[in-house]
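>>> structure, please.
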Amino acid sequence: MASYYFDTSALIKLYIEEKGTAAVLDIAEGLAGDHLVILDITLLESRSAIRRREREGDILGPAANQILERIEQDGSSNFLVQPTTSVIEEAARLLDSHALRTMDALQLAGCLTIRHSTPPPLTFVCADTRLCDAATREGLATLNPLV
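Sure thing, here's the model as predicted:
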């Protein structure tokens, strides 16, 4: 069974209906445990995205709280969560090699770090073309749910 690493842009699509949600749901159906991987800071970045949408009026407070609870529950039971501390050096190398933002470099570093300890093949799932391009240059299979 294949493994998939979800960055925050992909993970959010599991919980909020938006462009690319269908593609991400197709991937996630049937995956469990060590086959769906996220970086631990993805949980924090997801919280930021949900609260921003709440402040902008896209999501009501009770719905935002329910989404955040589901993300936390899934993070502790349905995803393999990679610790950020193990990817800092790799993220620094990526920042020297690619035109990436800090969080993007951390996400890509998380996937690169985990690729040897998850069942192959591992696919980097991300709704950011520039980040997918960098992942491809690093030798990863990518899937952009927006394409």
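>>> alpha carbons only for contacts and neighbour counts from here, please
Noted.
>>> could you pull out the helices for the chain?
When secondary structure is read from DSSP state H, the chain shows helices at 8-11, 21-28, 40-55, 61-77, 88-97, 102-114, 129-137.
>>> now for the shortest one, which elements pack on it?
This means helix 8-11. Counting by 3 or more Cα pairs under 8 Å, 6 or more residues apart in numbering; DSSP states H and E, the packing neighbours recorded for helix 8-11 are helix 40-55.
>>> before we move on, what about the last one?
Packed against helix 129-137 by the contact rule (3+ Cα pairs under 8 Å, 6+ apart) you find helix 102-114, strand 122-125, strand 141-143.
>>> over to the longest one?
Secondary structure elements in contact with helix 61-77, counted by 3+ Cα pairs under 8 Å, 6+ apart, are helix 40-55.
>>> low-confidence stretches in the chain?
Residue ranges of the chain with pLDDT under 70: 32-34.
>>> any chance of the helices and strands packed on helix 129-137 in JSON lines, plus distance to residue 22?
Output for the helices and strands packed on helix 129-137, formatted as JSON lines (distance: least, Cα to Cα, whole Å):
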{"stretch": "helix 102-114", "distance to residue 22": "22"}
{"stretch": "strand 122-125", "distance to residue 22": "13"}
{"stretch": "strand 141-143", "distance to residue 22": "13"}
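>>> so which of the ones you listed comes closest to residue 43?
Closest approach to residue 43 among the helices and strands packed on helix 129-137 (Cα to Cα): helix 102-114, 11.8 Å.
>>> in that closest one, what counts as buried?
Residues of helix 102-114 classed as buried: 104, 105, 106, 107, 108, 109, 110, 111, 112, 114 (neighbour count, 16 or more other Cα atoms under 10 Å).
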